[in-house]
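Novice: predicted model and sequence below, questions to follow.
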Amino acid sequence: MKIFMFLRLISVCHHRSRHGSRKHHQPCTPCHNAARHRVGDLMLDKDIFQEFTNVDSANDPSRLFDSLERIESLPQMATFRDTTYQSILTATPPGADIGCGQGCAVAELHESGCHPTGIDLSTSMVEAAQQRFPQCVFRVGDALDLPIPDASLGWYRAERLWIHLDDLTRASQEAYRVLRPGGIIVVADPILDSLVMTSSHQQVTRQIVAASADSLTNPTAAAHTLAALKNTGFDSIHVGSSAILLRDFSAAKTILLDNATQAATGSGVPEHTVRAWHEDLEQYANRNEFLLSITMLITTATKPDQSASSTATPP
(Lines give C-alpha, C1' and ligand atoms only; values in the text may rest on other atoms or scores of the structure.)
Protein backbone atom coordinates (compact mmCIF):
# COMPACT_ATOMS: atom_id res chain seq x y z
CA MET A 1 0.00 0.00 0.00
CA LYS A 2 -2.37 1.76 0.41
CA ILE A 3 -3.37 7.99 -2.69
CA PHE A 4 -4.21 7.07 0.67
CA MET A 5 -0.87 6.19 1.66
CA PHE A 6 -3.20 4.61 2.83
CA LEU A 7 -3.06 3.06 -0.14
CA ARG A 8 -0.99 1.33 1.62
CA LEU A 9 -0.27 3.96 1.03
CA ILE A 10 -4.48 4.42 0.84
CA SER A 11 -3.67 0.94 2.47
CA VAL A 12 -2.93 1.42 1.25
CA CYS A 13 2.56 -1.13 -0.60
CA HIS A 14 3.13 -4.54 -0.90
CA HIS A 15 3.13 -6.90 -3.81
CA ARG A 16 5.25 -5.78 -6.76
CA SER A 17 2.36 -4.64 -8.77
CA ARG A 18 0.74 -6.59 -6.16
CA HIS A 19 0.95 -6.01 -2.43
CA GLY A 20 1.06 -3.26 0.08
CA SER A 21 2.58 -3.25 3.58
CA ARG A 22 2.78 -1.60 7.02
CA LYS A 23 4.86 -1.15 10.18
CA HIS A 24 7.96 -1.20 12.54
CA HIS A 25 11.50 -0.78 11.38
CA GLN A 26 15.19 -0.56 11.92
CA PRO A 27 16.74 2.82 11.09
CA CYS A 28 17.95 3.00 7.51
CA THR A 29 20.11 5.61 5.84
CA PRO A 30 18.38 7.19 2.82
CA CYS A 31 19.92 6.73 -0.56
CA HIS A 32 22.09 9.81 -1.24
CA ASN A 33 20.59 10.41 -4.69
CA ALA A 34 16.95 9.94 -3.79
CA ALA A 35 14.78 12.51 -5.57
CA ARG A 36 13.57 14.38 -2.47
CA HIS A 37 13.00 18.05 -1.73
CA ARG A 38 10.72 20.24 0.37
CA VAL A 39 7.62 22.16 -0.63
CA GLY A 40 6.38 24.09 2.36
CA ASP A 41 6.63 21.56 5.18
CA LEU A 42 6.04 18.60 2.88
CA MET A 43 8.81 16.19 1.99
CA LEU A 44 8.30 15.36 -1.66
CA ASP A 45 9.68 12.15 -3.10
CA LYS A 46 9.02 11.49 -6.72
CA ASP A 47 9.45 7.75 -6.26
CA ILE A 48 7.51 7.11 -3.06
CA PHE A 49 4.56 5.29 -4.58
CA GLN A 50 6.86 3.13 -6.64
CA GLU A 51 8.76 2.32 -3.45
CA PHE A 52 5.56 1.17 -1.81
CA THR A 53 5.04 -1.39 -4.57
CA ASN A 54 8.43 -2.94 -3.75
CA VAL A 55 9.31 -2.13 -0.17
CA ASP A 56 12.45 -4.28 -0.10
CA SER A 57 13.99 -2.16 -2.88
CA ALA A 58 13.02 1.21 -1.39
CA ASN A 59 15.70 3.86 -0.88
CA ASP A 60 14.73 4.15 2.78
CA PRO A 61 12.26 1.47 3.95
CA SER A 62 12.21 2.91 7.48
CA ARG A 63 10.52 6.03 6.11
CA LEU A 64 7.75 3.91 4.62
CA PHE A 65 7.41 1.88 7.80
CA ASP A 66 7.01 5.03 9.89
CA SER A 67 4.35 6.42 7.58
CA LEU A 68 2.31 3.25 7.63
CA GLU A 69 2.67 2.95 11.38
CA ARG A 70 1.24 6.44 11.83
CA ILE A 71 -1.70 5.58 9.59
CA GLU A 72 -2.71 2.42 11.41
CA SER A 73 -2.54 4.21 14.77
CA LEU A 74 -5.27 6.67 13.77
CA PRO A 75 -8.61 6.01 15.52
CA GLN A 76 -10.45 6.22 12.19
CA MET A 77 -8.34 3.41 10.76
CA ALA A 78 -8.82 1.27 13.87
CA THR A 79 -12.58 1.69 13.50
CA PHE A 80 -12.35 0.78 9.84
CA ARG A 81 -10.34 -2.37 10.60
CA ASP A 82 -12.98 -3.40 13.11
CA THR A 83 -15.58 -3.15 10.35
CA THR A 84 -13.60 -5.57 8.18
CA TYR A 85 -13.38 -8.04 11.07
CA GLN A 86 -17.12 -8.52 11.49
CA SER A 87 -17.47 -11.42 9.04
CA ILE A 88 -14.16 -12.96 10.08
CA LEU A 89 -15.23 -13.21 13.72
CA THR A 90 -18.04 -15.55 12.66
CA ALA A 91 -15.81 -17.69 10.42
CA THR A 92 -14.06 -20.91 11.37
CA PRO A 93 -10.30 -20.52 11.94
CA PRO A 94 -7.63 -20.51 10.73
CA GLY A 95 -7.32 -17.65 8.26
CA ALA A 96 -4.86 -15.36 6.52
CA ASP A 97 -4.39 -11.60 6.30
CA ILE A 98 -2.92 -11.03 2.84
CA GLY A 99 -0.69 -7.99 2.44
CA CYS A 100 -0.32 -7.88 6.22
CA GLY A 101 2.50 -5.36 6.34
CA GLN A 102 3.93 -5.15 9.83
CA GLY A 103 1.08 -7.11 11.30
CA CYS A 104 -1.33 -4.77 13.12
CA ALA A 105 -4.47 -6.54 11.87
CA VAL A 106 -2.89 -9.95 12.41
CA ALA A 107 -2.20 -9.09 16.05
CA GLU A 108 -5.75 -7.82 16.57
CA LEU A 109 -7.27 -10.92 14.96
CA HIS A 110 -4.95 -13.13 17.00
CA GLU A 111 -6.28 -11.53 20.18
CA SER A 112 -9.81 -12.33 18.98
CA GLY A 113 -9.01 -16.02 18.57
CA CYS A 114 -9.15 -16.04 14.76
CA HIS A 115 -5.81 -17.89 14.35
CA PRO A 116 -4.43 -15.67 11.56
CA THR A 117 -1.31 -16.02 9.47
CA GLY A 118 0.07 -12.80 8.01
CA ILE A 119 1.28 -12.96 4.41
CA ASP A 120 3.28 -10.19 2.73
CA LEU A 121 5.51 -10.03 -0.33
CA SER A 122 8.07 -7.89 1.49
CA THR A 123 10.67 -9.83 3.44
CA SER A 124 11.56 -6.75 5.48
CA MET A 125 7.90 -6.22 6.39
CA VAL A 126 7.48 -9.83 7.48
CA GLU A 127 10.65 -9.66 9.58
CA ALA A 128 9.46 -6.45 11.22
CA ALA A 129 6.02 -7.94 11.86
CA GLN A 130 7.52 -11.03 13.49
CA GLN A 131 9.72 -8.88 15.70
CA ARG A 132 6.83 -6.61 16.60
CA PHE A 133 4.33 -9.39 17.30
CA PRO A 134 6.32 -12.54 18.18
CA GLN A 135 3.16 -14.31 19.32
CA CYS A 136 1.82 -14.28 15.74
CA VAL A 137 2.70 -16.18 12.56
CA PHE A 138 3.97 -14.39 9.44
CA ARG A 139 5.19 -15.64 6.08
CA VAL A 140 6.59 -14.14 2.90
CA GLY A 141 4.21 -14.78 0.02
CA ASP A 142 2.56 -13.41 -3.11
CA ALA A 143 -1.17 -12.68 -3.24
CA LEU A 144 -1.20 -14.12 -6.76
CA ASP A 145 0.59 -17.33 -5.74
CA LEU A 146 -0.16 -17.91 -2.08
CA PRO A 147 2.08 -20.29 -0.09
CA ILE A 148 -1.01 -21.94 1.41
CA PRO A 149 -2.44 -25.43 0.78
CA ASP A 150 -5.75 -25.91 -1.02
CA ALA A 151 -8.94 -25.66 1.05
CA SER A 152 -7.06 -25.02 4.29
CA LEU A 153 -8.49 -21.68 5.48
CA GLY A 154 -11.77 -20.57 6.98
CA TRP A 155 -11.24 -16.90 6.10
CA TYR A 156 -9.18 -14.62 3.84
CA ARG A 157 -8.73 -10.88 4.37
CA ALA A 158 -7.09 -8.24 2.17
CA GLU A 159 -7.23 -4.57 3.20
CA ARG A 160 -5.99 -1.88 0.81
CA LEU A 161 -4.15 -4.54 -1.15
CA TRP A 162 -6.06 -5.26 -4.35
CA ILE A 163 -5.43 -1.69 -5.57
CA HIS A 164 -1.81 -2.85 -5.86
CA LEU A 165 -2.56 -6.05 -7.78
CA ASP A 166 -2.33 -6.31 -11.55
CA ASP A 167 -4.64 -9.33 -11.83
CA LEU A 168 -7.81 -9.38 -9.72
CA THR A 169 -8.98 -12.57 -11.40
CA ARG A 170 -5.88 -14.41 -10.29
CA ALA A 171 -6.11 -12.95 -6.78
CA SER A 172 -9.72 -14.10 -6.52
CA GLN A 173 -8.86 -17.56 -7.81
CA GLU A 174 -6.08 -17.91 -5.25
CA ALA A 175 -8.46 -16.92 -2.47
CA TYR A 176 -10.99 -19.47 -3.74
CA ARG A 177 -8.30 -22.16 -3.85
CA VAL A 178 -7.07 -21.72 -0.28
CA LEU A 179 -10.52 -21.37 1.31
CA ARG A 180 -12.53 -24.32 2.51
CA PRO A 181 -16.15 -24.65 1.34
CA GLY A 182 -18.06 -22.16 3.45
CA GLY A 183 -14.95 -20.01 3.89
CA ILE A 184 -15.26 -16.21 4.01
CA ILE A 185 -13.37 -13.64 1.95
CA VAL A 186 -13.17 -9.95 2.91
CA VAL A 187 -11.62 -7.45 0.49
CA ALA A 188 -11.48 -3.73 1.32
CA ASP A 189 -10.19 -0.94 -0.91
CA PRO A 190 -10.77 2.81 -1.32
CA ILE A 191 -12.93 4.47 -3.96
CA LEU A 192 -10.52 7.20 -4.95
CA ASP A 193 -13.10 9.25 -6.82
CA SER A 194 -15.13 9.54 -3.61
CA LEU A 195 -12.60 11.83 -1.96
CA VAL A 196 -13.95 15.22 -0.90
CA MET A 197 -11.95 17.92 0.82
CA THR A 198 -12.40 21.51 1.98
CA SER A 199 -10.34 23.49 -0.51
CA SER A 200 -10.53 26.72 -2.49
CA HIS A 201 -8.67 25.03 -5.34
CA GLN A 202 -10.85 22.11 -6.35
CA GLN A 203 -9.22 21.75 -9.76
CA VAL A 204 -5.83 21.32 -8.11
CA THR A 205 -7.35 18.87 -5.66
CA ARG A 206 -8.62 16.82 -8.59
CA GLN A 207 -5.17 16.95 -10.21
CA ILE A 208 -3.47 15.72 -7.07
CA VAL A 209 -6.01 12.95 -6.46
CA ALA A 210 -5.71 11.87 -10.11
CA ALA A 211 -1.92 11.80 -9.90
CA SER A 212 -2.13 9.63 -6.80
CA ALA A 213 -4.57 7.25 -8.46
CA ASP A 214 -2.46 7.05 -11.62
CA SER A 215 0.54 5.96 -9.56
CA LEU A 216 -1.31 2.85 -8.40
CA THR A 217 -1.41 -0.47 -10.22
CA ASN A 218 -5.18 -0.88 -10.02
CA PRO A 219 -6.87 2.31 -8.73
CA THR A 220 -10.40 1.09 -9.59
CA ALA A 221 -10.01 -2.28 -7.88
CA ALA A 222 -12.81 -1.56 -5.40
CA ALA A 223 -15.33 -1.26 -8.25
CA HIS A 224 -14.25 -4.55 -9.86
CA THR A 225 -13.89 -6.79 -6.82
CA LEU A 226 -17.52 -7.92 -6.89
CA ALA A 227 -17.22 -9.06 -10.52
CA ALA A 228 -13.94 -10.85 -9.85
CA LEU A 229 -15.42 -12.79 -6.93
CA LYS A 230 -18.64 -13.59 -8.79
CA ASN A 231 -16.81 -14.87 -11.87
CA THR A 232 -14.56 -17.04 -9.72
CA GLY A 233 -17.54 -18.81 -8.17
CA PHE A 234 -18.03 -17.11 -4.82
CA ASP A 235 -21.59 -16.57 -3.66
CA SER A 236 -23.42 -14.66 -0.90
CA ILE A 237 -21.56 -11.58 -2.12
CA HIS A 238 -22.21 -8.39 -0.17
CA VAL A 239 -20.74 -4.95 -0.77
CA GLY A 240 -20.77 -2.37 2.00
CA SER A 241 -19.18 1.03 2.39
CA SER A 242 -17.37 2.78 5.19
CA ALA A 243 -16.47 6.48 5.08
CA ILE A 244 -13.28 7.66 6.71
CA LEU A 245 -13.90 11.23 7.89
CA LEU A 246 -11.08 13.45 9.10
CA ARG A 247 -11.38 16.90 10.69
CA ASP A 248 -7.85 16.90 12.05
CA PHE A 249 -5.42 18.34 9.49
CA SER A 250 -2.37 16.51 10.84
CA ALA A 251 -4.24 13.20 10.58
CA ALA A 252 -5.27 14.05 7.02
CA LYS A 253 -1.65 14.75 6.15
CA THR A 254 -0.61 11.43 7.60
CA ILE A 255 -3.25 9.37 5.86
CA LEU A 256 -3.25 11.08 2.49
CA LEU A 257 -2.05 14.60 1.86
CA ASP A 258 1.72 14.25 2.28
CA ASN A 259 1.97 11.27 -0.03
CA ALA A 260 -0.61 12.53 -2.49
CA THR A 261 1.42 15.69 -2.98
CA GLN A 262 4.54 13.61 -3.46
CA ALA A 263 2.84 11.70 -6.24
CA ALA A 264 1.50 14.90 -7.78
CA THR A 265 4.89 16.60 -7.85
CA GLY A 266 6.43 13.50 -9.35
CA SER A 267 3.79 13.50 -12.09
CA GLY A 268 4.47 17.09 -13.10
CA VAL A 269 2.12 19.28 -11.04
CA PRO A 270 4.17 22.49 -10.47
CA GLU A 271 5.65 22.88 -7.01
CA HIS A 272 4.26 26.40 -6.62
CA THR A 273 0.78 25.03 -7.34
CA VAL A 274 1.20 22.32 -4.71
CA ARG A 275 2.52 24.87 -2.21
CA ALA A 276 -0.43 27.23 -2.73
CA TRP A 277 -2.88 24.35 -2.46
CA HIS A 278 -1.33 23.15 0.79
CA GLU A 279 -1.27 26.65 2.30
CA ASP A 280 -4.96 27.02 1.47
CA LEU A 281 -5.74 23.78 3.31
CA GLU A 282 -3.78 24.99 6.32
CA GLN A 283 -5.84 28.18 6.42
CA TYR A 284 -9.04 26.14 6.57
CA ALA A 285 -7.49 24.03 9.31
CA ASN A 286 -6.49 27.11 11.31
CA ARG A 287 -10.13 28.25 11.21
CA ASN A 288 -11.28 24.76 12.24
CA GLU A 289 -13.10 24.44 8.90
CA PHE A 290 -11.08 21.62 7.34
CA LEU A 291 -12.72 18.33 6.39
CA LEU A 292 -11.61 15.32 4.35
CA SER A 293 -13.64 12.21 3.58
CA ILE A 294 -13.01 9.12 1.47
CA THR A 295 -15.15 6.01 1.10
CA MET A 296 -13.93 2.43 1.35
CA LEU A 297 -15.78 -0.49 -0.22
CA ILE A 298 -15.80 -3.71 1.77
CA THR A 299 -16.73 -6.76 -0.30
CA THR A 300 -17.46 -10.05 1.45
CA ALA A 301 -18.33 -13.40 -0.08
CA THR A 302 -18.45 -17.11 0.67
CA LYS A 303 -16.94 -20.09 -1.09
CA PRO A 304 -20.00 -22.30 -1.65
CA ASP A 305 -20.31 -25.80 -0.28
CA GLN A 306 -19.80 -28.41 -2.97
CA SER A 307 -23.29 -29.78 -2.42
CA ALA A 308 -24.91 -26.36 -2.80
CA SER A 309 -22.87 -24.87 -5.62
CA SER A 310 -23.86 -26.65 -8.78
CA THR A 311 -23.55 -23.40 -10.74
CA ALA A 312 -20.22 -22.33 -9.28
CA THR A 313 -17.17 -22.88 -11.45
CA PRO A 314 -13.97 -23.26 -9.43
CA PRO A 315 -10.89 -21.65 -10.94
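Specialist: That came through fine.
Novice: what segments of the stretch 201-315 of the chain are strands?
Specialist: Along the stretch 201-315 of the chain, the stretches classed as strands by DSSP state E, counting those that start in this stretch are 235-246, 292-302.
Novice: what's the angle from the longest one to strand 292-302?
Specialist: Put plainly, it is strand 235-246. Relative orientation of strand 235-246 versus strand 292-302 (axes from the mean of the first three to the mean of the last three C-alpha atoms, to 10 degrees): 160 degrees.
Novice: coming back round to it: tell me which of the strands of the stretch 201-315 of the chain sits most buried.
Specialist: strand 292-302 (a mean of 22; mean count of other C-beta atoms under 10 Å). Any C-beta I mention is one placed from the backbone N, CA and C, and that applies to glycine too.
Novice: helix, strand or coil for residue 114?
Specialist: coil (DSSP: H, G, I helix; E, B strand; the rest coil).
Novice: spit out the contact partners of it.
Specialist: 85, 88-89, 91, 93-95, 155 (C-beta atoms under 8 Å, 6 or more residues apart in numbering).
Novice: which neighbouring elements make contact with the biggest strand by length in the chain?
Specialist: Counting residues, the longest strand found in the chain (DSSP state E) is strand 179-197. Contact here means 3 or more C-beta pairs under 8 Å, 6 or more residues apart in numbering; DSSP states H and E; on that basis strand 179-197 packs against helix 75-85, strand 153-159, helix 202-214, helix 221-232, strand 292-302.
Novice: please list the residues outside the third one that contact it.
Specialist: Pointing back at helix 202-214 there. Residues contacting helix 202-214 (C-beta under 8 Å, 6+ apart): 3-4, 7, 49, 192-193, 195, 197, 199, 219, 256, 259-261, 263-264, 266-267, 269, 273-274, 276-277.
Novice: buried members of those into PyMOL, please.
Specialist: Buried subset of those, written as a PyMOL selection, criterion 16 or more other C-beta atoms under 10 Å:
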select buried, resi 3+4+7+49+192+195+197+199+219+256+259+260+261+263+264+266+267+269+273+274+277
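Novice: please consider this matter closed, and thank you.
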